[in-house]
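*Asks:* quick check, what structure comes out for this input:
(3 chains)
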Amino acid sequence: MSQTLFVVIEHLRGQVAEISYVMLAAARQLAKSAGGDVVAVLLGQNAQELAASLAADRVLYMEDASLAEFTSDAYQAALAALIKEHNPRVVLFGHSSLGMDIASGLSAKLGLPVISSCRSFSTDGKFICQICGGKIMAEGEIPAPTALITMVPGGYKSELGRSTQAPPVTPIAAPALDGLRVSVKNYIEPEAGDVDIAKEAVLVSVGRGIQTKDNLDLANELAGALGAAVSASRPVVDQGWLPTSRLVGKSGKRVKPKIYLALGISGAPEHVEGMSDSQVIIAINTDPNAPIFNVAKFGSTIDMFDLVPALTEKVKSAK
Amino acid sequence: MKIIVPVKFVPDLVEELTIDSSGVTLDTAWLRLIINEFDDHAVEQAILLKERGGGQVIVSTVESEGADDFLFTAAAKGADQLIKLTGDFAGVNNHALARAYSGLLKELNPDLVLTGVQAHNDLDGSLGPLLAEFLGMPYVGYVSGLTLADGAVVVRKEYPGGLIAEVEVKLPAVLGIQAAEQPPRYIAYSKIRQVMGTAKVEERPVTGLDLEGGVTVSRMFQPEAAERATMLEGDANAVADRILAIFKEAGAL
Amino acid sequence: MKYPPGKMIGALRSEFFDQVIKHDSVWMCVSCYACTEFCPSDIPITAALMTRAKEEMLLAGNIPSELQAALENTQRYGNPLGESPRKRADWTTGLQPEVNILGKTRQPVDVLWFVGDYASYHPRMISATKSLARILNALGIKFGILGPEEFSDGDSQRLAGERGLFEMMVQKNGQAFRKYKFDEIITTDPHAFNALKNQYPAMGVSYPVKHYTQFLAERLELLKPLLKNEVKAKIAYHDPCYLGRANGVFDEPRALLGAIPGLELVEMSHQRTNSLCCGGGGGGMWLDGFQWEKAHTRLSEWRVREAVAAGADILSVACPYEPPRFEDAVKTIQDAGQLKVREIAELLAEAMSI
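*Replies:* Numbers count the residues shown, from 1 in each chain, chains lettered A, B, ... in the order given. Model (predicted):
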């Protein structure tokens, strides 16, 4: 009998979260070494059409009014029943505000091991976790018969988890979901006003190398094309060209975006302190000895005034 | 209102981390432990609740380097009771920690348990939700603010992209704190020294750790550290192409 | 500054000092001692008023977050930068002959060099620190450093209101000093100089101490023949607050610069006792963002403008707080683009070709 690899699909306000696709990609890879079907688990109300883009072999869709919004206790109760019934080989959760609310609780409730911060699986089916601020990797055999795993992004491209062919959807009945103690009252959208750079996934950051206030337009255009925000190092904010809310560094904000594109920033320690946790730092600085090249993953000494317009064009055509 | 804050200590990332000779765990020779940053926020949030609406704040930790300093600092901030679990905690995981704490918490019978939403060395889930399940309480994590309601709390739960959900949770409950409503306050060193003379740390011995549910690591290693940036060559177009590819690979496009 | 010293004293007299403590204007003070120097009534304003006010504010929890981080780092890591104490002597890597780290070699020395936080850890300062090591070697000085056993001198933390933390630093440094044999202490850092000379003895840690410029000036006759390389430039010397105004050391640094062939010394409009602070003292190093928000000007920028006005090519300094501060200021001031900032040790090393 073929084993199943469950992927708990995360969705909010009608949108499937990126991490769900990453997990599907991970599950597909795991299926190659461990064997088994990739089964997406979708819980919700009127959420069936979200199944269409999932690269799963099949989808189990559980509908219930109590599952309309994500709440830890309703989702946990629903999944507990499902896991007990199907005994999947693994259950993948996002290492997120959704997945982390329920994975450990299920571990304690069902007496199953839970592995967190998993980034990828090896070709021989081992889990590879990333902990301690990315400084340490931990690898091991996925315990049998069933393991719960929370996943962080970075190990797989989300496109590999998307499908153009809608997978077959099997509706399943929800268990009795009463005695619930958690309920969503309302959502608060982020302010349209000034941006919180600490919450941005991509930052286009400018330093002294931008030279004049007018040149900021270049950065703004690139950021606009990327759906990113513009942040800055000290000299730019001091000139008053950008508000202090955009300052990255010791006296400003600490940011951890997926991508930190540093334009004309030398990389003084006071600035690096605020952005060294970025996942990928790309540094553009005409000075090959700029200290920023010691913290960046990628760099170039090309003149940013040549690079930025070219990059903006390419980003616009790619979208 | 009785609020309990159970905490854990984690490796201090300021120091270099090395793997020990077994190859499956961190070398403890130069390892320093520091309070889990999110637990520090949990203490601050508890003190804020007490300052706003009265109540009692109990802070608890396990025996560890820095435990006493941390507890005394919490007392200087306003914590009413300090409890230290003593015993052999070498090799402890979150499941064992949660079981150890649940014994204490069942006895103390809190209205609210606040703990950090995660810790950077978590491998077997996180403390908060494990504790909640052992105590039979509901759990909500990624909390960055809360108000008390009748027999419940309404929390601000953070989602990606700046979205917040206001979620009502019936008490007693366990909350995973992402950030306190204000950053952990500063306590002058002289105040901490003063408190060391007056506050008492209650010790509760814990015998035997139950590690069931934990993770077995077969290999621990450090990712390849790139000493210097990979330099992108070529003209503006070539470099722009490379950067575009980097964006796509990171999932930022 | 809503409540400058005069108003603070007025508030004390009129019994509304609690308002001063609740306000954050006291954090604009960088403990530069200018007020103390010029008070016609000889009131020790900096020590007795500003520092005491800051102590009260800390106890009340009124503290900007940047400063909080520096103080917490000092308590935990023994330095305000939050660097690992184990790496405090990493700057010595590659130097030949190897720098004597007393804990390792246990050899008695003539001179204990108390390096200091910024001189040990800040990437900009390490080149100056290495320069001094080379100069001391060239002069045949038998010196050693504490390395990982050295803790922050604690002086800036003391002036920022953390008396308790300062006392902890004195205790720890005192413990380290007692383990080794040496005749005198020299230091790169005027703040450490001030603390070791004026504050530590009252707490039972008492050693003869000199700033490195005094130590080298004493040996000027030995140094002169080694200064063969010409450094052709107009140079303005900035008197650091804690070397100059607070401790009266003005001539020795100038004597060293005067001995470098090719250098022409120019004086800025503020000099010696009325020198302008770079803004780093008394916790100012860790209040930069805060002070910028309030004043939209920086002391360091003012000073750089003076150097440019004096026609200087090089702004010379003798304190590890200064180069990063002045170099940042040079970046933001339009016509300062060519002004170089150099520690005296760096200039001497350049003149010695080492």
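*Asks:* would you mind listing what in chain C touches chain A?
*Replies:* On the criterion C-beta under 8 Å from any C-beta of the partner chain, chain A has as its neighbours in chain C the residues C:66, C:69, C:81, C:122-124, C:288-290, C:292-293, C:296, C:298, C:324, C:328, C:331-332. (Glycine included, C-beta is placed from N, CA and C.)
*Asks:* what are the bridge partners for residue A:281, then?
*Replies:* residue A:260 (DSSP bridges).
*Asks:* could you measure from it over to residue A:272?
*Replies:* Remark: distance between residue A:281 and residue A:272 (C-beta to C-beta, to the nearest Å) = 9 Å.
*Asks:* now list the buried members of the residues of chain C next to chain A.
*Replies:* If you count burial by 16 or more other C-beta atoms under 10 Å in any protein chain shown, the buried members of those come out as C:66, C:69, C:81, C:122, C:124, C:288-290, C:292, C:298, C:324, C:328, C:331-332.
*Asks:* can you give me the helices in chain B?
*Replies:* Listed in chain order, the helices found in chain B under DSSP state H are B:37-53, B:67-77, B:94-108, B:127-135, B:189-198, B:236-249.
*Asks:* the shortest one near chain A at all?
*Replies:* Meaning helix B:127-135. Yes: judged by C-beta under 8 Å from any C-beta, helix B:127-135 comes into contact with chain A through B:128-130, B:132-134.
*Asks:* what average pLDDT does stretch C:250-258 get?
*Replies:* Along stretch C:250-258, the predicted confidence averages to a pLDDT of 96.
*Asks:* any idea how far it is from the chain center?
*Replies:* 17 Å (C-alpha atoms, centre = their mean, to the nearest Å).
*Asks:* also stretch A:273-281?
*Replies:* Taking the mean C-alpha point of stretch A:273-281 and that of its whole chain, the gap between them comes to 16 Å (C-alpha atoms, centre = their mean).
*Asks:* do stretch A:264-273 as well
*Replies:* Going by C-alpha atoms, centre = their mean, where stretch A:264-273 is centred and where its chain is centred differ by 26 Å.
*Asks:* what's across from the residue nearest to residue A:200 when sequence neighbours are not counted in the sheet?
*Replies:* Distances taken as C-beta to C-beta, 6 or more residues apart in numbering or on different chains put residue A:229 closest to residue A:200, at 4.5 Å, once the chain neighbours are dropped. Note on residue A:229: beta-bridge partners by DSSP bridges are residue A:203.
*Asks:* residue C:178: neighbour count?
*Replies:* Other residues lying near residue C:178 total 8 when counted by other C-beta atoms under 10 Å in any protein chain shown.
*Asks:* ok, it to residue C:206 distance?
*Replies:* Shown here: residue C:178 relative to residue C:206, a distance of 11 Å by C-beta to C-beta.
*Asks:* what does residue B:139 give?
*Replies:* On the measure of C-beta to C-beta, residue B:139 and residue C:206 end up 58 Å apart.
*Asks:* re earlier: from the residues of chain C next to chain A, which land in helices?
*Replies:* For the residues of chain C next to chain A, secondary structure assignment (DSSP H) places C:66, C:69, C:288-290, C:292-293, C:324, C:328, C:331-332 in helices.
*Asks:* so where is the stretch 151-300 of chain A shaky, pLDDT-wise?
*Replies:* A:190-193 (pLDDT under 70).
*Asks:* interface residues of it facing chain B?
*Replies:* With C-beta under 8 Å from any C-beta as the criterion, the stretch 151-300 of chain A comes near chain B at residues A:153-154, A:157-158, A:181-191, A:196, A:199, A:201-202, A:226, A:228, A:258-259, A:261, A:279-283, A:293-294, A:296-300.
*Asks:* give me that answer again for 6 Å
*Replies:* Among all residues of the stretch 151-300 of chain A, those adjacent to chain B (criterion: C-beta under 6 Å from any C-beta of the partner chain) are A:158, A:181-188, A:190, A:199, A:202, A:258-259, A:280, A:293, A:296, A:298-300.
*Asks:* burial check on residue B:230, number of neighbours?
*Replies:* Using other C-beta under 10 Å, the number of residues around residue B:230 comes to 14.
*Asks:* how about the contacts made by it?
*Replies:* Listed by C-beta atoms under 6 Å, 6 or more residues apart in numbering or on different chains, the contact set of residue B:230 reads residue A:298.
*Asks:* what sits against the closest residue to chain A within the stretch 1-150 of chain B?
*Replies:* Among all residues of the stretch 1-150 of chain B, residue B:125 sits closest to chain A, at 3.2 Å; criterion: C-beta to the nearest C-beta. Contacts were defined as C-beta under 6 Å, 6+ apart; by that measure residue B:125 touches A:104, A:107, A:114, A:116, B:94.
*Asks:* if we use 10 Å, what do you get?
*Replies:* Under the criterion of C-beta atoms under 10 Å, 6 or more residues apart in numbering or on different chains, the neighbours of residue B:125 are A:100, A:103-108, A:113-116, A:148, A:150, B:93-95, B:98, B:118, B:133, B:213-215.
*Asks:* coming back round to it: more neighbours: residue A:281 and residue A:272, which one.
*Replies:* Under the criterion of other C-beta under 10 Å, the comparison of residue A:281 against residue A:272 puts residue A:281 first, with 26 against 23.
*Asks:* quick check: the more buried one touching residue A:257?
*Replies:* Yes: here residue A:281 lies in contact with residue A:257, judged by C-beta atoms under 10 Å, at a distance of 9.4 Å.
*Asks:* tell me, what's touching these two both at once?
*Replies:* When contacts are counted by C-beta under 10 Å, 6+ apart, residue A:281 and residue A:257 are jointly contacted by A:203, A:205, A:275.
*Asks:* before we move on, which element is residue C:264 in?
*Replies:* Following DSSP states H and E, one finds residue C:264 within strand C:263-266.
*Asks:* list the neighbouring strands of that strand plus their orientation.
*Replies:* The strands beside strand C:263-266 in its sheet (DSSP bridges) come out as strand C:233-237 (parallel).
*Asks:* so for the strand it pairs with, mean pLDDT?
*Replies:* 95.
*Asks:* what comes up buried for that strand?
*Replies:* For strand C:233-237, the buried set under the neighbour-count rule, 16+ other C-beta under 10 Å, comprises C:233, C:235-237.
*Asks:* which one of the residues in the stretch 251-354 of chain C is closest to chain A?
*Replies:* Counting by C-beta to the nearest C-beta, the stretch 251-354 of chain C gets nearest chain A through residue C:289, at 2.7 Å.
*Asks:* if you skip the residues just before and after it, what's nearest to that residue?
*Replies:* The nearest residue in space to residue C:289 (C-beta to C-beta, 6+ apart) is residue A:251, at 2.7 Å.
*Asks:* what's the neighbour count on that neighbour?
*Replies:* Taking other C-beta under 10 Å as the neighbour definition, residue A:251 ends up with a count of 24.
*Asks:* hmm, back to that, out of the shared contacts of residue A:281 and residue A:257, grab the one that's most surrounded.
*Replies:* Highest neighbour count within those, by other C-beta under 10 Å: residue A:205, with 33 neighbours.
*Asks:* please, which helix or strand holds that one?
*Replies:* When elements are defined using DSSP H and E, residue A:205 is found to belong to strand A:202-206.
*Asks:* could you dump that strand to CSV, C-alpha only?
*Replies:* Extracted C-alpha coordinates of strand A:202-206, given in CSV (Å, rounded to 0.1, in the frame of the first residue of the first chain):
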residue,chain,number,x,y,z
VAL,A,202,12.8,42.8,-0.3
LEU,A,203,14.7,46.0,0.4
VAL,A,204,16.5,48.3,-2.0
SER,A,205,18.8,50.1,0.3
VAL,A,206,20.8,53.3,-0.6
